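>>> Next comes the sequence, and after it the predicted model I'd like to discuss.
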Amino acid sequence: MSFAIIETGGKQYKVSASKILEIEKLNLKVGETVKFKNVLLLNDNKTTEIGSPSIDGATVEAKLLDSVKDRTVLIFHKRRRKHSRKKNGHRQRHSKIQITKIMSKGGKIIDEAKITSTKKEVKKDVSKKKEVSKK
C-alpha cells in the first residue's frame, strides 16, 4: 500500500489514494482540485523516499468535498467574588478533502483513486396493484 506524508496548515497528515480527511480551511469552492507540494515522505510498495525537509517535484492532488465546522468549544471566564462572568463559543472551520493522486518527482503516478459513480440507480415499481372492492 503506497502512501505519502504531506504538510498543510501547520500539521502533517498521512494520506493514501481515495482517503477522506479534514484539514484546516482552504479558500476554494466545492469540487475544485488542490495540489499539495509540501510532500515530506513518499512510500511506494517497493521504495521509500524521504525529503529534507520536502521532496522537490512531488505533489499530492485532492478534491475539495465540503467546507464544514467543528463542534462548539465553550470558553467560560469567571472572576471570583467580583460578580463577573463571560461565556463565549468557537467553531473551527475545516475543509473536507479526498485524495485523488499521489505523484513522485518526475510526474510518475504512484497511486490514483478509482473513480466510482456515487449515484445509485433507483428501481421503480412498474406494476401497480389494483384494489378489488368486495360487495
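Structure's in. What do you need?

>>> After the helix or strand harbouring E22, which helix or strand is next?
Assessed by DSSP states H and E, E22 sits inside strand 20-24. Using DSSP H and E, the next helix or strand after strand 20-24 towards the C-terminus is strand 33-36.

>>> name the helices or strands packed onto that next one?
Using 3 or more C-beta pairs under 8 Å, 6 or more residues apart in numbering; DSSP states H and E as the contact test, the elements touching strand 33-36 are strand 3-8, strand 59-69. To be clear about C-beta, it is placed using only N, CA and C from the backbone, and glycine gets the same treatment.

>>> Need the mean per-residue confidence for stretch 84-101.
The average pLDDT for stretch 84-101 rounds to 96.

>>> I'd say E49 and L42 touch.
Yes - taking C-beta atoms under 8 Å as the definition, E49 is a contact partner of L42 at 4.5 Å.

>>> so who does D70 touch?
Residues near D70 by C-beta atoms under 8 Å, 6 or more residues apart in numbering: 91-94.

>>> Run the angle between the strand holding E22 and strand 3-8 for me.
Angle, strand 20-24 to strand 3-8, by axes from the mean of the first three to the mean of the last three C-alpha atoms, to 10 degrees: 20 degrees.

>>> Just give me how far strand 20-24 sits from the chain centre.
Relative to its parent chain, strand 20-24 has a centroid offset of 4 Å by C-alpha atoms, centre = their mean, to the nearest Å.

>>> what comes into contact with it?
Contacts to strand 20-24, defined as C-beta under 8 Å, 6+ apart, come from residues 8-11, 13, 15, 65, 68, 94-99.

>>> Looking at the residues you listed, which one is closest to I55?
Of all the contacts of strand 20-24, V15 has the smallest distance to I55: 13.9 Å, by C-beta to C-beta.

>>> residues contacting that closest one?
Neighbours of V15 in contact, by C-beta under 8 Å, 6+ apart: 3-6, 21, 60, 62, 99, 102.

>>> Can you check the pLDDT for it?
Looking at V15, its pLDDT is 96.

>>> and what of E131?
53.

>>> And for D70?
Reading off the model, D70 has pLDDT 94.

>>> likewise V122?
At V122, the model reports a pLDDT of 58.
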